[in-house]
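Participant: coordinates only, sequence not included:
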C-alpha cells in the first residue's frame, strides 16, 4: 500500500455560488443546502476547520422578498 498523496488539511475553504444553491425557479434549493451542511459537518467531525464562502444569500432572499429575479 502506498502512502497518501496529500496530508489531511487543517483548514478547508469552500466557495459555493448562488447558482449552485438555486432551484430552477430561482429560490433556494433547501435539500441541496442541507446536503452541503451535512458534508461540511462530516469534514468538521474529522477535525478539519471549514470556511464557507457563498453568495447564496441572494438566492435565499428572493422568494421571501417577493422577487422573481435579481
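Facilitator: Done, it's in. Values in this document were obtained by computation on a predicted structure and should not be read as measured data.
Participant: buried residues in the helix or strand hosting residue 59?
Facilitator: Here residue 59 sits within helix 56-62, counting by DSSP states H and E. Using 16 or more other Cβ atoms under 10 Å as the burial criterion, the residues of helix 56-62 that qualify are 56, 58-60, 62. No exception for glycine: its C-beta is placed from N, CA and C like everyone else's.
Participant: and of those residues, the nearest to residue 33?
Facilitator: Taking Cβ to Cβ as the measure, residue 33 sits nearest to residue 56 out of these, at 7.3 Å.
Participant: report pLDDT for that closest one.
Facilitator: What the model reports as pLDDT for residue 56 is 67.
Participant: can you redo the buried residues of helix 56-62 as a markdown table with distance to residue 10?
Facilitator: As requested, the buried residues of helix 56-62 are arranged in a markdown table below (distance: Cβ to Cβ, whole Å):
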| residue | distance to residue 10 |
| --- | --- |
| 56 | 25 |
| 58 | 30 |
| 59 | 30 |
| 60 | 29 |
| 62 | 36 |
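Participant: biggest separation within these, which pair?
Facilitator: Of all pairs in the buried residues of helix 56-62, the most separated under Cβ to Cβ is 56 and 62 at 10.9 Å.
Participant: for residue 33, which non-adjacent residue is spatially closest?
Facilitator: residue 21 (5.7 Å; Cβ to Cβ, 6 or more residues apart in numbering).
Participant: residues touching the one you found, list them.
Facilitator: Residue 21 sits next to 28-29, 32-33, 36, 54, 56, 59-60 when contact means Cβ atoms under 8 Å, 6 or more residues apart in numbering.
Participant: which of those residues has the weakest pLDDT?
Facilitator: Lowest pLDDT within the contacts of residue 21 is found at residue 56 (67).
Participant: got the buried residues for whichever strand or helix holds residue 51?
Facilitator: Residue 51 is part of strand 49-54, with elements assigned from DSSP H and E. Neighbour counts over strand 49-54 (16+ other Cβ under 10 Å) mark residue 54 as buried.
Participant: and stretch 11-19, by the same measure?
Facilitator: Buried residues in stretch 11-19, defined by neighbour count with 16+ other Cβ under 10 Å: residue 18.
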